[in-house]
Structure formats: structure tokens, C-alpha cells
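Undergrad: Task: produce atomic coordinates for the following.
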Amino acid sequence: MKRKIILLAGPTASGKTKIAIKLAKRINGEIINADSMQVYKDFQILSSRPSKNELRLAKHHLYGFQSSGAVFSTGKWLKLAADKINKIVKKDKVPILVGGTGLYFKAITDGISKIPNIKFSDRNSIRNLHKKLGQKEFYKKLIKLDPISKNKISPSDTQRTLRAYEVKKFTKKSIYEWAKKTKPLFKNYVFGKFFINTPKNQLLKNIELRTKSMIEKKCINEVIKFKKKRLKKSLSPNKIIGVQEIQRFLSGDLDQKNLIELMNIKTRQYAKRQKTWSRAHMSDWHMIYSSNSSILIKKILNLVS
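TA: Below you'll find the predicted structure:
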């Protein structure tokens, strides 16, 4: 009999954490983080990591362990997640992967391409070029070098733009050509794939309530401490919604009302991108929703039994 792995995705502020905890209790499961921003130590509030109380309610893995100064990739996450899955299964428990990072879920279900290592000096030269040209011009250069990347990478996505460029430049193949050679790691498992498809109006309310809660929990202090580290702006933690906005608030460029409004706008835009990803890459997932968490858990249990 094949073992199960539960995948629980959804847009930001859809209540994934609470659902995952209730599900873990029902099916003897342990939770693995599948959100690229919740791996960082410095941002418990802004990344919406599970609270200390929530962490006590179920066993959680891969939350808040990574230094903000280190480069962390999908490949590194996959290696760690695979190790956790194997250990959880050996205990006769069910791995429940929870998060909002589509690439992490794709890596779990499809595997990841084995792109040759690119020398640090070569990667650094690309970053220096990017710094010189700026994202807008560098993106145009990427599309010229690798036309396959067009419409696959957002013009504002610095990290993926850089990665696609360096892969094409130094391997002579598009990152998307490499992707075709992936091999799944979990062939002998059954995936229960669930996307919490929260209605737009409800999601907007959730986002506003969460932003208000973040401010009340003093998320501004997280940014003050982070700013003192003087890390490179190209590092991923700088992309956590609220980091740049709060820095503008601290410099006097925004008042608190505009800070909250801008954080809400950025979060809504992010949620929209996550839903767009789900339509493009999660066609075989169960799209589920209920305002009643108990009903939602029942739907999941009925589909995985």
C-alpha cells in the first residue's frame, strides 16, 4: 500500500496554518513548511510563521531556521523537506506540507532539474551586471538571451531573472529546458493535493485583519533589528511584504495609515499571483473552501481516505 503525503497550499491569509494543525491531529501528521519566506529566523510576524502556541499543538519542521544572510534555494529546501518526509514516514506518521510557494510544491511532486553548479565568481559577475543595468534593462537582456523565459518570469522578479540568466549564460540551456529533465523523488507515494480557494471578498478581509494584527504585534521591531544587519538588498528576506514598506515608514516617507494601506495592497497582489499560479500549475489539485474549518477538514479526509 502506498504511503500518503498531504500537500496543503493556498493564497496568503487563507488560514492554512490552522487547517494544517487540525488535520495533523486527525491523521497523526507532522507539518513541514513549504513557504519560502517562513524559513528565515528574523521574521516571525511579517512572514506569518506559526505562533509559539501553534507550534505546541502539532510537530512543525523547517520554520525559522535559516539565517537571513544566506542564500536559500528551492533545491536546498527540497533536500531538507525530503529528509523530513522520510523521517516522518518511518514513524508511521503522515507528512503534511503547508505553504504558499508554488515552486516548492512543484519540486516535491515533479522533482527538480540537476543544473550544473555555476562558479561563485561567474554568478557574482552576473549580479554586478544586474546592479549596473537595473532590473528593467537586465530583464530585457534575459529575454534576448533566453526567449523561452518570456511570459514565464515576471519583469519585477529579480531573483528568478538572475537565475534564468546565469543558467542560460553558463550552461547554454534555458532553465526551462533543464526543467524538462526532472525526476520525481516520491514515485511510491500518493499525494493528497489541496488548494484552499478562499473567495476574493473573504480573502481581502483576512488580509486587512492580518496586517492590522502584524502592526499590533510590533512587526516594525523586526525590521528595525533586520536593518541593523546591513545585508545585501538582493537577498530574499528583503522581499518579504512589509520589509521595504516599514523601512519607508521609519525614514518618514510613509505615515502609519499609508504603511498599512501599502502592505494591504502588496499582500493582495501577492495573493492574486498565488491564485494565478494555482490555475496554471495545479489543475489536478482539489480546490476546496469552507468558512467552517471542521467542514473543510471533513472534505480533505473524505478525499484522502
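
Undergrad: those strands in this structure, which residues are they?
TA: 3-9, 29-33, 60-61, 94-99, 189-196, 286-288 (DSSP state E).

Undergrad: buried ones in the helix ranked longest in the chain?
TA: If you go by DSSP state H, the chain has its longest helix at helix 256-281. Buried residues in helix 256-281, counted by 16 or more other Cβ atoms under 10 Å: 259-260, 262-264, 266-268, 270-271, 273-275, 277-278. No exception for glycine: its C-beta is placed from N, CA and C like everyone else's.

Undergrad: next one: stretch 99-111 to chain centre, how far?
TA: 9 Å (Cα atoms, centre = their mean, to the nearest Å).

Undergrad: ugh, wrong one, I meant stretch 114-133
TA: Distance, centroid of stretch 114-133 to centroid of chain: 23 Å (Cα atoms, centre = their mean).

Undergrad: again, but for stretch 283-296
TA: For stretch 283-296, the distance to the chain centre is 20 Å (Cα atoms, centre = their mean).

Undergrad: Over to stretch 138-154?
TA: 22 Å.

Undergrad: Stretch 79-94 too?
TA: Worked out by Cα atoms, centre = their mean, stretch 79-94 lies 20 Å from the chain centre.

Undergrad: how deep is Lys172 tucked in, by neighbour count?
TA: When neighbours are counted by other Cβ atoms under 10 Å, Lys172 registers 8.

Undergrad: Correction: the previous question concerned Pro50.
TA: 22.

Undergrad: heads up, I number from 661, so please use that
TA: Shifting the count to begin at 661 puts that one at Pro710.

Undergrad: ok so, going back, for the longest helix of the chain, name the packing helices and strands.
TA: In terms of contacts (3 or more Cβ pairs under 8 Å, 6 or more residues apart in numbering; DSSP states H and E), helix 916-941 is packed against helix 762-770, helix 860-876, helix 903-910.

Undergrad: Rounded mean pLDDT for that helix, please.
TA: What helix 916-941 shows for mean pLDDT is 95.
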